[in-house]
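>>> This is a predicted model, with the sequence first.
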Amino acid sequence: MELGDVDRITADAIGEPGTRTFYLQARAGTQLVTVIVEKEQVQLLATSVLELLSDIPLGTGAGPEDDEMALEWPDDPRWRAGRLSIGYDTELDRFVLELIEYRPELEDEEADDPRSLLEGEAEVIVLRATREQMFALSRYGAAVAERGRPACPLCGNPMDPEGHVCPATNGHRTPRS
C-alpha cells in the first residue's frame, strides 16, 4: 500500500505502563492507517530520525505540537509491524518510511498452527513525511516511550513499583525505583 505524502504521523501508546500497546499511525487525506509496534521500535525510529536529520544540511521547523500528536479514533490496527525501514529522499525532501507486517516463521512441524492460515506475502505500507513531521514524531515518540516503567539501574530491565528480581544480583536482592 502506497500512502504517499502524509498529512500527519504519530506514535503513541494506550494502557498502563507494563501493559501498554504502542501504535504508529499515519493519515493521508481521508485514509487513516494504524499499526501496532513495539516500544523498542518507537525508540529506534525516534533515534533514527534524529540521526538522519543530523546528516541533512537543511533546517527543520518544530512541526506539530505535542497536543496535536495523540492517536486519532478509530485506532483499529491493520496488523502488527515486524520491521520498519526509514530513509530520506533528497530529491523529494521527504522521509520515506516502510512498515512491513509481522509474519511468524513456522517450521514444517507447525503446519497445523493457526498462524499457518496467513496467506501470501506480508503487507507493506510505504509513506512519505516532511522533516518537520518526522522531527515531531521523534520527539513525541521518545517522550511516550519514556513514560513507561523506570529501568533498573543495575540491569536496565523495566521495574514494577514493587521492584523486580534483578539478574545482575543473581536474584538475591530486589532493586527499588
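In hand now; what should we look at?

>>> Show me the shaky parts of this protein.
The model of the chain has pLDDT under 70 over residues 106-119, 163, 171-177.

>>> What segments of it are strands?
2-5, 8-14, 21-28, 31-37, 81-89, 94-101, 124-129 (DSSP state E).

>>> just so I know, which of those strands lies nearest G148?
When these are ranked by distance to G148, counting by Cβ to Cβ, first place goes to strand 8-14 at 7.9 Å. Any C-beta I mention is one placed from the backbone N, CA and C, and that applies to glycine too.

>>> Throw the strands of the chain into a markdown table and include distance to L71 and mean neighbour count, thanks.
Supplementary listing: the strands of the chain in a markdown table, determined by distance: least, Cβ to Cβ, whole Å; neighbours: other Cβ atoms under 10 Å:
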| stretch | distance to L71 | mean neighbour count |
| --- | --- | --- |
| strand 2-5 | 17 | 13 |
| strand 8-14 | 5 | 21 |
| strand 21-28 | 5 | 21 |
| strand 31-37 | 7 | 19 |
| strand 81-89 | 15 | 15 |
| strand 94-101 | 16 | 20 |
| strand 124-129 | 16 | 19 |
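
>>> now these as a markdown table including distance to N170?
Written out in a markdown table, the entries for the strands of the chain read as follows (distance: least, Cβ to Cβ, whole Å):
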| stretch | distance to N170 |
| --- | --- |
| strand 2-5 | 49 |
| strand 8-14 | 32 |
| strand 21-28 | 32 |
| strand 31-37 | 33 |
| strand 81-89 | 35 |
| strand 94-101 | 39 |
| strand 124-129 | 44 |
